[in-house]
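In: Sharing a sequence plus its predicted fold:
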Amino acid sequence: MINVLVTGSKGQLGSEIKELSSEISRQAENDKQKFFFTDKNELDINNQKNLKLFIEANNINTIINCAAYTAVDKAEEDAVNADKINHLAIKYLSDISKEKNIKLIHVSTDYVFNGEAYKPYNEDDKTHPNSVYGQTKLDGENEMIKINPHNSIIIRTSWVYSSFGNNFVKTMLRRGKEKDEVGVIFDQVGTPTYARDLAKAILDILPQLDSRIKCENDKIEIYNYSNEGVLSWYDFAKEIMRMAKLNCNINPIETKEYPTPAKRPHYSLLNKSKIKKEFNIKIPYWKDSLDECLRTMGEK
């Protein structure tokens, strides 16, 4: 029996995993998996004692950590709390995973890079965060790598959106209905990630962890995941308006015209070759995933 703890289950990714796992559990061949979905009110992953008690009581043998402090700008003035969730909690999860021989899948971010690359980032490229958020996420990665729980992986992703939670797609839909025009940054380039696609990938990876040579760990393996394609936030906004048939003009603006407390990567394209090859993952094109999400939301 695979007993899976999913932390941060009310966030975008956690919510998608919960919905997909419910669909999977209705299929007879998947009665070997049991999921435990928690948020910070049900299980504080910074409380080592309670975390250990929960894991022991429910015989947890796999953890998918979706919990994260994701308020990028707020983190600049709230570094202590960002560090607790993005860094110290990963240490605690890694410690207990090592002790109990638990597989740990931890979700990280493109913000561990400085965004000054000229080609898609590989997993072993040099990290250099520009923000408190990015630094705390990298610190969490490094704790996991140092502690090295067996058969565990880190998945870096970017520009996450979903029909759940707050995200860029929902913001653009709201503004598109309220305004005649909106300015959107055109000089930050990357690829969005539909959280449902990432959730599917994680659930596909889950049963493969024990059998993968790379994941019979002498070290933690890192993988990149986003949808296929390349675009700017401006391109993304234009396509949202087009698909949703909203008559809102999108004006391209430079990053310097929209200053924020935290510095964003100008280039955060991720190379997904490794995850596709090692786990036989097929990644959808970003426009196809956006279309699916908008249909799920009833916006098409």
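Out: Noted; the coordinates are in hand.
In: so where's the chain uncertain?
Out: For the chain, the stretches with pLDDT under 70 are 24-31, 211-217.
In: Would you map the strands across it?
Out: Using DSSP state E, the strands found in the chain span residues 2-7, 33-37, 62-65, 103-109, 153-157, 160-161, 181-185, 189-190, 193-194, 221-224, 231-232, 249-253.
In: From the contact counts, what lies against the third one?
Out: Contact partners of strand 62-65 among helices and strands, from 3 or more CB pairs under 8 Å, 6 or more residues apart in numbering; DSSP states H and E: strand 2-7, helix 89-100, strand 103-109. Using the backbone N, CA and C atoms, a C-beta is placed for each residue, glycine as well.
In: Could you export these to a markdown table, including columns for mean neighbour count and distance to residue 18?
Out: Shown next, in a markdown table, are the helices and strands packed on strand 62-65 (neighbours: other CB atoms under 10 Å; distance: least, CB to CB, whole Å):
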| stretch | mean neighbour count | distance to residue 18 |
| --- | --- | --- |
| strand 2-7 | 21 | 7 |
| helix 89-100 | 21 | 19 |
| strand 103-109 | 24 | 15 |
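In: Point out the one among these that comes closest to residue 244.
Out: The minimum distance between residue 244 and the helices and strands packed on strand 62-65 falls on strand 103-109, with 27.0 Å, by CB to CB.
In: Buried residues of stretch 280-295, list them for me.
Out: Judged by neighbour count using 16 or more other CB atoms under 10 Å, the buried positions of stretch 280-295 are 281, 283-284, 286-287, 289-294.
In: Which one of those is nearest to residue 106?
Out: Distances from residue 106 to those, taken as CB to CB, are shortest for residue 281 (17.3 Å).
In: what are the phi and psi values for the closest one?
Out: Note on residue 281: its backbone torsions stand at phi -90, psi 130 [degrees, to the nearest 10].
In: do the same with the one 3 residues further on
Out: Torsion angles at residue 284 (phi, psi; degrees, to the nearest 10) stand at phi -70, psi 160.
In: so who does it touch?
Out: Applying CB atoms under 8 Å, 6 or more residues apart in numbering, we find residue 284 in contact with 194, 197, 227-228, 292.
In: Roughly how far does it sit from residue 197?
Out: Here the criterion is CB to CB, to the nearest Å. By it, residue 284 lies 6 Å from residue 197.
In: Overlap of the contact sets of those two?
Out: Shared contacts of residue 284 and residue 197, defined by CB under 8 Å, 6+ apart, are found at residue 227.
In: buried ones in stretch 45-58?
Out: In stretch 45-58, residues buried by neighbour count (16+ other CB under 10 Å) are 45-46, 48, 51, 54-55.
In: how distant is it from the center of its chain?
Out: In terms of CA atoms, centre = their mean, to the nearest Å, the centre of stretch 45-58 is found 23 Å from the chain centre.
In: Stretch 290-300 now?
Out: Counting by CA atoms, centre = their mean, stretch 290-300 is centred 20 Å from the centre of its parent chain.
In: Show me the contact partners of that stretch.
Out: Contact partners of stretch 290-300, identified using CB under 8 Å, 6+ apart, comprise 161-163, 169, 173, 192, 194, 196, 236, 239-240, 243-244, 284.
In: And the buried residues of stretch 45-58, which two are furthest apart?
Out: 46 and 55 (14.4 Å).
In: Which residues lie in contact with the spatially closest residue to residue 113 that is not a sequence neighbour in this structure?
Out: Among residues not flanking residue 113 along the chain, residue 121 sits closest, at 5.5 Å (CB to CB, 6 or more residues apart in numbering). Residues in contact with residue 121 (CB under 8 Å, 6+ apart) are 110, 113, 224, 268-271.
In: Next, format these as a markdown table and append distance to residue 17 and neighbour count.
Out: Shown next, in a markdown table, are the contacts of residue 121 (distance: CB to CB, whole Å; neighbours: other CB atoms under 10 Å):
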| residue | distance to residue 17 | neighbour count |
| --- | --- | --- |
| 110 | 20 | 24 |
| 113 | 25 | 24 |
| 224 | 19 | 24 |
| 268 | 23 | 24 |
| 269 | 25 | 23 |
| 270 | 20 | 23 |
| 271 | 24 | 15 |
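In: Just put these in TSV and tack on distance to residue 11.
Out: As requested, the contacts of residue 121 are exported to TSV (distance: CB to CB, whole Å):
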residue	distance to residue 11
110	17
113	22
224	20
268	20
269	24
270	20
271	25
